[in-house]
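In: model the structure of this input:
(one chain, ligands or ions: 2)
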Amino acid sequence: VAALLDRRLIFVTGKGGVGKSTVAIALGLLAARSGRRTIVAELARQERVRNSFAAGGDTFEEVEVADGLFTISIDPESAMEEYLRVKTGRIGQALGSSRLFQAFAMATPGMRELLSMGKVWELAQSARRTSGADPYDVVIVDSPAAGHGIGLLRTPRTFADIARVGPVAATAQRIAASIDDRSFTAVLAVATAEEMPVNETLWLSEALAGDGLALDAVIVNALYLERFSAADGTRLARARRGTGVSSPANAALGAALSLRARAAAQREQLNRLAEGLGAAPLQLPYLFAETFGHDELHALADALDAELGR
Ligand SMILES: Nc1ncnc2c1ncn2[C@@H]1O[C@H](COP(=O)(O)OP(=O)(O)OP(=O)(O)O)[C@@H](O)[C@H]1O
Ligand SMILES: [Mg+2]
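Out: Ligands and ions are numbered 1, 2, ... in the order given. So this is what the prediction gives:
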């Protein structure tokens, strides 16, 4: 896994709300800190990265949010306009800005995904086709939730197989070949140590393996520290029985017991995931903070660094 940041294209996927965007940004910070020119690409105008760094700028623009760390929000419409402008000059530009043509193109199943993947791929090229654009060492894609993420990864291959000839097929073929090249592309899954996210990660791992796209790493996010052992739990419970129901001591001991129970439940799910995957996932701590800001992102980057070097 140490070589993870040597891949040019890294997809971060996983169930909704498990911390995909957070992990993508932390990984981006880590890559940038190591001297790699890095961009975190969000799909579908989420603008999470921009907001985390209070940066402005047009969404489809590449904006630097920290030293060596850039972000872009990719939407299929802008991706198509750019593609046609760069590839076909004035006629393409006219087509790209035609609402009728846009509506027609976007109605083609999978076209939105292909256009987004095309832009992601373009960002990861050492010779950028967008004139004047500098190359990146690492492109991190904050992918949509698991099912859609798989669809996204499969789209170029599907187009290449269906179209076979013509410019779309040729482009799709080039993108698909880059994704299949595991020295170029990595796929990460983020999960939390809960029943459903663990199930979905095991499903994702199998579905991707079936496509020859085995997960490069699974990251379990937001883990509680195990502050209390099982024996501590017994002692806490006994102490609590000696307190008055509405006393502060009762409440404090209750909170400690509840935290212990949650940490224990997480360990169970973590073990189930490790067993299912046949490998220990990387672990990131739950960070207690009033607002999740720069310090927290850097702390997660540090934790990722340690886990990747393990
Ligand atoms: N390790 C952590 N400790 C504490 N809070 C966290 C941690 N990781 C993520 N969070 C918080 O959890 C929430 C969800 O995280 P995030 O937006 O990264 O998830 P997501 O998977 O990208 O969600 P979506 O599927 O909606 O895009 C955010 O408020 C984030 O600040
Ligand atoms: Mg997100």
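In: what about the residue in the stretch 51-200 of the chain that ligand 2 sits nearest to, distance to ligand 1?
Out: Per C-beta to the ion, residue 142 is where the stretch 51-200 of the chain lies closest to ligand 2, at 5.8 Å. C-beta coordinates here come from the backbone N, C-alpha and C atoms, glycine included. Distance, residue 142 to ligand 1, by C-beta to the nearest ligand atom, to the nearest Å: 7 Å.
In: now the helices for the stretch 151-300 of the chain?
Out: 167-180, 195-210, 230-241, 248-277, 294-308 (DSSP state H, counting those that start in this stretch).
In: give the other helices and strands that the shortest one contacts.
Out: For helix 230-241, the helices and strands in contact under the criterion 3 or more C-beta pairs under 8 Å, 6 or more residues apart in numbering; DSSP states H and E are helix 248-277.
In: cool, and the last one?
Out: In terms of contact count using 3+ C-beta pairs under 8 Å, 6+ apart, helix 294-308 is assigned the packing partners helix 20-33, strand 282-285.
In: please spell out which residues along stretch 164-182 are buried.
Out: 168, 171-173, 175-176, 178-179 (16 or more other C-beta atoms under 10 Å).
In: might one say that residue 14 is in contact with residue 24?
Out: No: using C-beta atoms under 8 Å, residue 14 is not in contact with residue 24, being 10.1 Å away.
In: now do stretch 258-273: everything it contacts.
Out: Residues outside stretch 258-273 that contact it (C-beta atoms under 8 Å, 6 or more residues apart in numbering): 191, 193-195, 198, 201-202, 218, 220, 223-228, 230, 232-233, 236, 281, 283.
In: who's in contact with the residue in the chain positioned nearest to ligand 2?
Out: Going by C-beta to the ion, ligand 2 is nearest to residue 21 of the chain, at 3.3 Å. By C-beta under 8 Å, 6+ apart, residue 21 lies in contact with 42, 46, 48-49, 142.
In: can you list those residues in TSV and add distance to residue 157?
Out: Below are those laid out as TSV (distance: C-beta to C-beta, whole Å):
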residue	distance to residue 157
42	23
46	25
48	28
49	28
142	21
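In: just the ones of those residues in strands?
Out: Those of the contacts of residue 21 mapping onto strands are 42, 142, per DSSP state E.
In: pick out the lowest-pLDDT one from the contacts of residue 21.
Out: pLDDT across these is lowest for residue 46, at 65.
In: what number of residues lie near the residue of the stretch 51-200 of the chain closest to ligand 2?
Out: 27 (other C-beta atoms under 10 Å).
In: quick check, it in contact with residue 40.
Out: Yes: the pair residue 142 and residue 40 qualifies as a contact (C-beta under 8 Å) at a distance of 6.2 Å.
In: quick check: neighbours shared by the two?
Out: 24, 49.
In: quick one: low-confidence ranges for the protein?
Out: Residue ranges of the chain with pLDDT under 70: 1-2, 44-47, 92, 96, 146.
In: show me just the buried residues among the contacts of stretch 258-273.
Out: 191, 193-194, 198, 201-202, 218, 220, 223-224, 228, 236, 281, 283.
In: show me which pair in these is furthest apart.
Out: Comparing every pair within the buried ones among the contacts of stretch 258-273 by C-beta to C-beta identifies 202 and 236 as the most remote, at 33.2 Å.
In: now do the SS call for the residue most central in space within the chain.
Out: In the chain, the C-alpha nearest the mean C-alpha coordinate belongs to residue 12, at 2.5 Å (C-alpha atoms, centre = their mean). Taken by DSSP: H, G, I helix; E, B strand; the rest coil, the conformation at residue 12 corresponds to strand.
In: likewise for the one 4 residues further on?
Out: Under the three-state scheme (three-state DSSP), residue 16 adopts coil.
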